[in-house]
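Peer 1: give me a 3D structure for the following:
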Amino acid sequence: MTPLDYERLQSNVDYSSPLPSFFELFTSSTLNQSTSSFLNRHISAGLSTLDNKLRNFFPSLHRLPSLQPTSDEFQLLLLLFLEHRSLKHHSATVLERFYSMTRSHSKKTPNGNLLTPLTPTDKNLSLFFHIFLPYLKSKLDKLYATLKATDSQTANTNISINNNNKTRKTFLFLYPFLHLTHDGAFIAYQFAYLFGFTLHFTPTLALTNQVVRRVTAADTPASSSSSSSSSSAASAAAAATPPPPANANTKRNNKRYRAAKIACAATISAYFLYGWMSNLRRSYGRKMLEQRNLLENGTLLGVVPPPPSVQVSAEATFTLPSNPALCPICRRKKVNAVVSVVSGYAFCYKCLILHVRENGRCPLSLLEMSEKQVVQIFI
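Peer 2: As a prediction, the model looks like this:
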């Protein structure tokens, strides 16, 4: 690598800048989508299993609707709890904290953009655009897919156009443009951020005037404590005084929050352990059933069972000779021996061909066959 290449690399990925690189934000957004789909799939499977277990123990629950269609709402509540705690205490989403990033409010000044801490209103807007907007988007996507499938099924039927059909057709016509506008706006802002035309990685950040930046030393509590400890003697004396006793309600809330975190972690761990054990039990049961079937058929012991044989029809004109070397039709030694594919019996080539051309059936089993089902025997 030449010095010029190194300088160009440093200009593209500037670690001294408070703004993260395009690839850091893109990786964070991609991981967010993967995590969301992962949670949705496992929450849906968990609700389906829980619903089946409850209905088996309590038959009266069969009257109630299933829990599986509400997987999106359960995921919304889980993400709302996690992201609300993260934005409240760290001014960043969970995955932004994972990549050591935080959010700040961007305010334009004559000297440039001034980054200030997030206000409670900014945090609520972040929560809405990060949690509720993707939830509404997924619901609209599912509604469009359902209506599109229904519309394609009823395209060939004559249906009277009423207000509901007009609303449905309007939605089916306009939603692809709304979907394209939504995705196009996100792609445009990402490209603008990549080339340095904007400080906002997504249009939702631009609407709320928020900027995602790297966590610096000033954001850590250690730096604030070190700066406060290096003050005057009066402040040192004040710091030496014991802090006032904490409020009983605060202690109680901290204990409840800690217990809720432990319970949530234990529930998730128990769910994954239960799913893993259930899959292992089902796999073991299927394997044992296969081995039992193979043992009964003799395949597991190395004995291949014989193929199924076709019996000679009682209405057949010809019968099997006692000598297998003779042809069942002419009762002579087989000449150019061939076999009938539908029954497996051997004949002379001339005898079988003439019989099939005249009758279209096997001489012994009386099963329908053609000349293409006559195969020569080479042994």
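Peer 1: show me where this protein has helices.
Peer 2: For the chain, applying DSSP state H gives helices covering 3-12, 22-57, 71-90, 94-98, 120-127, 133-153, 163-194, 203-207, 221-229, 233-240, 248-297, 349-359.
Peer 1: by mean pLDDT, show me the worst of the ones you listed.
Peer 2: Lowest mean pLDDT within the helices of the chain: helix 3-12, at a mean of 37.
Peer 1: rewinding a little: distance to Thr319 and mean neighbour count added to the helices of the chain, as TSV?
Peer 2: (Each C-beta comes from the backbone N, C-alpha and C, glycine too.) As requested, the helices of the chain are arranged in TSV below (distance: least, C-beta to C-beta, whole Å; neighbours: other C-beta atoms under 10 Å):
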stretch	distance to Thr319	mean neighbour count
helix 3-12	89	9
helix 22-57	59	14
helix 71-90	67	16
helix 94-98	80	17
helix 120-127	87	16
helix 133-153	58	13
helix 163-194	70	13
helix 203-207	86	17
helix 221-229	99	10
helix 233-240	113	10
helix 248-297	32	11
helix 349-359	14	16
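Peer 1: now those helices as CSV including distance to Leu366?
Peer 2: Listed next are the helices of the chain as CSV, based on distance: least, C-beta to C-beta, whole Å:
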stretch, distance to Leu366
helix 3-12, 81
helix 22-57, 51
helix 71-90, 58
helix 94-98, 72
helix 120-127, 78
helix 133-153, 46
helix 163-194, 59
helix 203-207, 76
helix 221-229, 92
helix 233-240, 106
helix 248-297, 30
helix 349-359, 9
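Peer 1: Arg214: which of the ones you listed is closest?
Peer 2: helix 22-57 (8.5 Å; C-beta to C-beta).
Peer 1: helices or strands up against that closest one?
Peer 2: helix 71-90, helix 94-98, helix 163-194, helix 248-297 (3 or more C-beta pairs under 8 Å, 6 or more residues apart in numbering; DSSP states H and E).
Peer 1: swap the cut-off to 7 Å and go again
Peer 2: helix 71-90, helix 94-98 (3 or more C-beta pairs under 7 Å, 6 or more residues apart in numbering; DSSP states H and E).
Peer 1: out of those, which gets nearest to Ala337?
Peer 2: helix 71-90 (65.6 Å).
Peer 1: show me what the closest one is packed against.
Peer 2: helix 22-57, helix 94-98, helix 120-127, helix 133-153.
Peer 1: for those helices, which one sits closest to Lys88?
Peer 2: Of all the helices and strands packed on helix 71-90, helix 120-127 sits nearest to Lys88, with 6.6 Å by C-beta to C-beta.
Peer 1: now tabulate the helices and strands packed on helix 22-57 in JSON lines and tack on distance to Gly285.
Peer 2: What follows is the helices and strands packed on helix 22-57, written out as JSON lines (distance: least, C-beta to C-beta, whole Å):
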{"stretch": "helix 71-90", "distance to Gly285": "27"}
{"stretch": "helix 94-98", "distance to Gly285": "38"}
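Peer 1: between those helices, which gets nearest to Pro18?
Peer 2: Ranking these by proximity to Pro18 (C-beta to C-beta) places helix 94-98 first, at 13.8 Å.
Peer 1: check contacts around Phe318.
Peer 2: Pro328, Ile329, Pro363, Leu364 (C-beta atoms under 7 Å, 6 or more residues apart in numbering).
Peer 1: and it, backbone torsions?
Peer 2: Taking degrees, to the nearest 10, you get phi -100, psi 150 for the backbone angles of Phe318.
Peer 1: any idea how far it is from Thr181?
Peer 2: Here Phe318 is placed at a distance of 78 Å from Thr181 (C-beta to C-beta, to the nearest Å).
Peer 1: what's the closest of the contacts of Phe318 to Pro18?
Peer 2: Of all the contacts of Phe318, Pro18 sits closest to Leu364, with 89.8 Å by C-beta to C-beta.
Peer 1: roughly how far does that closest one sit from Asn336?
Peer 2: Leu364 sits 18 Å away from Asn336, going by C-beta to C-beta.
Peer 1: neighbour count: those two, which is higher?
Peer 2: Leu364 (23 against 13; other C-beta atoms under 10 Å).
Peer 1: quick one, which of the helices and strands packed on helix 22-57 is nearest to Ala149?
Peer 2: The nearest among the helices and strands packed on helix 22-57, by C-beta to C-beta, is helix 71-90 at 18.8 Å.
Peer 1: quick one: the closest one to helix 120-127, angle?
Peer 2: Taking axes from the mean of the first three to the mean of the last three C-alpha atoms, to 10 degrees, one finds helix 71-90 and helix 120-127 inclined to each other by 150 degrees.
Peer 1: in PDB, could you pull the C-alpha coordinates for helix 71-90?
Peer 2: What follows is helix 71-90, C-alpha atoms only, in PDB (Å, rounded to 0.1, in the frame of the first residue of the first chain):
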ATOM      1  CA  SER A  71     -46.700 -12.200  17.000                       C
ATOM      2  CA  ASP A  72     -46.100  -8.700  15.600                       C
ATOM      3  CA  GLU A  73     -47.800  -7.000  18.600                       C
ATOM      4  CA  PHE A  74     -45.700  -9.100  21.000                       C
ATOM      5  CA  GLN A  75     -42.600  -8.200  19.100                       C
ATOM      6  CA  LEU A  76     -43.700  -4.500  19.200                       C
ATOM      7  CA  LEU A  77     -44.100  -4.600  23.000                       C
ATOM      8  CA  LEU A  78     -40.700  -6.300  23.500                       C
ATOM      9  CA  LEU A  79     -38.800  -3.800  21.300                       C
ATOM     10  CA  LEU A  80     -40.700  -0.900  22.900                       C
ATOM     11  CA  PHE A  81     -39.500  -1.900  26.300                       C
ATOM     12  CA  LEU A  82     -35.900  -2.500  25.300                       C
ATOM     13  CA  GLU A  83     -35.600   0.600  23.100                       C
ATOM     14  CA  HIS A  84     -37.400   2.900  25.600                       C
ATOM     15  CA  ARG A  85     -34.900   1.900  28.300                       C
ATOM     16  CA  SER A  86     -31.900   2.300  25.900                       C
ATOM     17  CA  LEU A  87     -33.000   5.800  24.600                       C
ATOM     18  CA  LYS A  88     -33.900   7.000  28.100                       C
ATOM     19  CA  HIS A  89     -30.600   6.200  29.700                       C
ATOM     20  CA  HIS A  90     -28.100   6.200  26.800                       C
END
